[in-house]
Each structure stands twice: as C-alpha cells, then as structure tokens.
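# Okay, sequence plus prediction incoming.
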Amino acid sequence: MTASTALTATGLGKRYRGNWALKDCSLAVPAGRVAALVGPNGAGKTTLLHLATGLLTPTSGSVSVFGEPAGRNATLARVAFLAQDKPLYDGFTVADMLRFGRHLNPRWDDDSARTRLAALGIPLDRKVGALSGGQQAQVALTVALAKRPELLLLDEPLANLDPLARHEVMRDLMVAVAEREMTVVLSSHVVPDLKDTCDWLIVLNGGRVQLSGDIEELIAGHRLLTGPVSLADGVAGRLDTVDDRRTDRQATLLVRAGPGEVFDPRWTVRGVELEELVVAYLRSPDSTALPRLTLAGVLGGN
Ligand SMILES: Nc1ncnc2c1ncn2[C@@H]1O[C@H](COP(=O)(O)OP(=O)(O)OP(=O)(O)O)[C@@H](O)[C@H]1O
C-alpha cells in the first residue's frame, strides 16, 4: 500500500502580473515526513507555502492537502502555518496569544502550550514585543503546535535566530513530530540545520522544482568524483552530470550514480553531503532530479 500524501502539487503555477513566481510545480510530500523546502531568495518558497494554505489561489494547476483542495474550511482545520513575518502582536502578552488561539481553533491544546512555554521559561505575562527573537519564534511555534495540525507549514522559522536558538527550535520541532502524527514542510536557507531533522527535500529554483524526494535516496543516488580532467568527458557522456567543474588538470563532477556504479580507479569517488547536493543543483538550474515513478506512485496512492 502506498503512503498517503499530505501535500500534493500538480502543474502548480502562480503568476504576479507578467512574472511566474512558481511554474509547473509537481510534487508530493508523503504524510509523516519532515520536508525541507530550500532555494535561493525569490525561488518561490513562500509562494508555494501560501498556495498550500489557501492564502493564494493558483494561476494554473492545483494544490491539495490530504487529497482535498487547499484552502477549504475542512482543510484549514488540519493545517497550521507559521508565516515568515510571524503574526505575533507586539502589544499582546503571551497569555493573550494563547487566549486568541483558543477562541479561533476548536482543536486547541492549551495544556501542552502552557507546559511548553513553562519548560522554555517564557513568562505568560510578558508582552510579545519584549521577548527575544528566539523566544518569539518559540511562542509562534507553540501557537502553531497548539492547533494540533496534521500538516505544519513553516516559512523560514530559523531566520534571524542565533545558532543555539536555531538548534532549540529544530529540536523542539522534532519532539513534537515524535509525539504525534504530523507532516512538516519547512522552508529555510540554512541547509546544515536541516540535515539531522528533515527526511524529505524539495529544492526550488527560479520558480521551478529542481529536486524532490527522500533525502537518503537522493544522497545514495549521487557521487562526487575528483580526478584527471582527461577522463571527465567520458563520465559526462555516460552519466547524468549535475555539476562539472574543471581546472587545467583536475575535474570535479557531481553525477547521478548509485553505490554500485563502477568508476575508473583514477577517480577519487565519494558520497555527497546534503548541502553539496543542494548547492550543486542550484548552480546548475537546468539539472533536475524528480523521482517520477515515486511521485506517480505517491500521487496514485492517495
Ligand atoms: N505579491 C507579489 N507581487 C509581485 N511579485 C511577487 C509577489 N510575491 C512574490 N513575488 C515574486 O515572486 C517570486 C517568488 O517570491 P517568493 O517570496 O515566493 O520567494 P522565496 O523563495 O520565498 O524568497 P525568499 O527566500 O527571499 O523569502 C519573486 O520573484 C518575488 O519577487
């Protein structure tokens, strides 16, 4: 049986006046995954998340959440969205934020929100505007989690946080994922912070999906070769080459190849790190790795 999908985009596009912010975007995030949505500034990450929440309507294609069109009332109750400009009201106290959430959300979990804030040492009577950036991010995450979402969408939750605060937010997110059935899609520029947390990757570049799939499978399907430049054309002609950098003597190639692929022993061959993979694809906007069979399977299984 194929796992159900939390988020599905099919030929999804959004145009602002003459410009496509997102184009031909097809992807599926299986339920229960923690997906990293990465890409440079202006890649379309916020646009995709806004389409998934129903804040924007598609210009073309469609987006659905647990098989239902995004933005419907029934879908909204299952989704929490933490926007990039965290919608925290500076003049409100933390307790006001909880009261607000309780009134707006029928599934609101006040006890866990209070327990979480107490554990973080964030006083309920403090005005939100008087909290540090890290504490504000934690309050915003607490409010989002208290909605008890099945799909949690986070737009740059780590922006403006110092490394310790970033680590704590990611750790708390993982605790929440372990405690309940939840799918997370999290946009970020900070790829190293995602590698221990996320198990699914979506790379957007210039409004298009370049990479989408299970992180372990993507890593296992690529190799980094370093060796004499004279051998480079042979490899580039035989295998999909994502990134090809050459000096007069040496070539460094990132190729799509599984662990069983046999190379000339003059190459030094090693696996790739998540960040190397992301950077290599972003450097080569025409390269894509979209697991069409997997995608078709996931799409068909819902
Ligand atoms: N309301 C809007 N009107 C016109 N163009 C827009 C609007 N919102 C976004 N865009 C454009 O759409 C493209 C994608 O923007 P988007 O904010 O989705 O990217 P992003 O990947 O989230 O970027 P960042 O990492 O900087 O937040 C950009 O070129 C942006 O200028």
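Good, I have the coordinates. This one's a predicted model, so the numbers in the text were calculated from it and none came from an experiment.
# what does the chain have sitting close to the ligand?
Counting by Cβ under 6 Å from any ligand atom, the chain comes close to the ligand at Tyr16, Ala21, Gly39, Asn41, Gly42, Ala43, Gly44, Lys45, Thr46, Thr47. (C-beta placed from N, C-alpha, C; glycine too.)
# what about the helices in this structure?
Secondary structure of the chain (DSSP state H): helices located at 45-53, 73-76, 94-104, 110-120, 133-146, 163-179, 215-220, 232-238, 274-283, 292-300.
# most packed of those?
Compared across the helices of the chain, helix 45-53 shows the largest average neighbour count, a mean of 24 (mean count of other Cβ atoms under 10 Å).
# what residues does that helix touch?
7, 9, 12, 14, 21-22, 25, 37-39, 56-58, 63, 65, 70-71, 76, 79, 81, 84, 151, 153, 155, 185, 187, 204, 207 (Cβ atoms under 8 Å, 6 or more residues apart in numbering).
# Also stretch 63-70?
So stretch 63-70 is contacted by 4-10, 12, 31, 51-54, 62, 74-75, 78-79, 150-151, 302 (Cβ under 8 Å, 6+ apart).
# List the buried residues of that stretch.
By neighbour count with 16 or more other Cβ atoms under 10 Å, stretch 63-70 contains the buried residues Val63, Ser64, Val65, Phe66, Ala70.
# Now Gly54, what are its backbone angles?
When read as degrees, to the nearest 10, the backbone of Gly54 gives phi 90, psi 10.
# From the ligand, how far out is the residue nearest to it when sequence neighbours are not counted?
Nearest residue to Gly54, sequence neighbours excluded (Cβ to Cβ, 6 or more residues apart in numbering): Gly71, at 2.0 Å. Gly71 is 17 Å from the ligand, where distance means Cβ to the nearest ligand atom, to the nearest Å.
# contacting residues around Gly71?
Applying Cβ under 8 Å, 6+ apart, the residues near Gly71 are Thr53, Gly54, Leu55, Thr57.
# give me the number of residues near Arg256?
Using other Cβ atoms under 10 Å, Arg256 has 15 neighbouring residues.
# what's the answer for Leu154, then?
24.
# now swap in Leu82 and tell me
Count around Leu82 with other Cβ under 10 Å applied: 20.
# if I pick it, what's in contact with it?
Ala140, Leu141, Ala144, Leu152, Leu153, Leu154, Asp155, Pro157.
# do that again at 6 Å, thanks
Contact analysis of Leu82 by Cβ atoms under 6 Å, 6 or more residues apart in numbering lists Ala140, Ala144, Leu154, Pro157.
# Please apply the same query to Val255.
Arg223, Leu239, Thr241.
# how about these in CSV, adding neighbour count and distance to Ile122?
Listed next are these as CSV, based on neighbours: other Cβ atoms under 10 Å; distance: Cβ to Cβ, whole Å:
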residue, neighbour count, distance to Ile122
Arg223, 21, 46
Leu239, 16, 52
Thr241, 19, 50
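# Please list the members of those that lie in strands.
Using DSSP state E, the members of the contacts of Val255 that fall in strands are Arg223, Thr241.
# So for stretch 190-205, what gets flagged as buried?
190-191, 193-194, 197-205.
# So which of those residues is the closest to the ligand?
Leu204 (6.4 Å; Cβ to the nearest ligand atom).
# how much space between the closest one and Lys45?
Distance, Leu204 to Lys45, by Cβ to Cβ, to the nearest Å: 6 Å.
# list residues touching both of the two?
Common neighbours of Leu204 and Lys45 (Cβ under 6 Å, 6+ apart) are Gly39.
# Domain ranges for this structure, per the record?
The chain resolves into domains spanning 5-214+290-300, 218-283 when parsed by automatic domain parsing.
# can you redo the ones you listed as JSON lines with mean pLDDT?
Putting the domains of the chain into JSON lines (pLDDT from 0 to 100) gives the following:
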{"stretch": "domain 5-214+290-300", "mean pLDDT": "88"}
{"stretch": "domain 218-283", "mean pLDDT": "93"}
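# that older thread, can you say which of the contacts of Gly71 are buried?
Members of the contacts of Gly71 classed as buried by 16+ other Cβ under 10 Å are Thr53, Gly54.
# Now flag whichever of the contacts of Gly71 is closest to Gly121.
Thr53 (30.7 Å; Cβ to Cβ).
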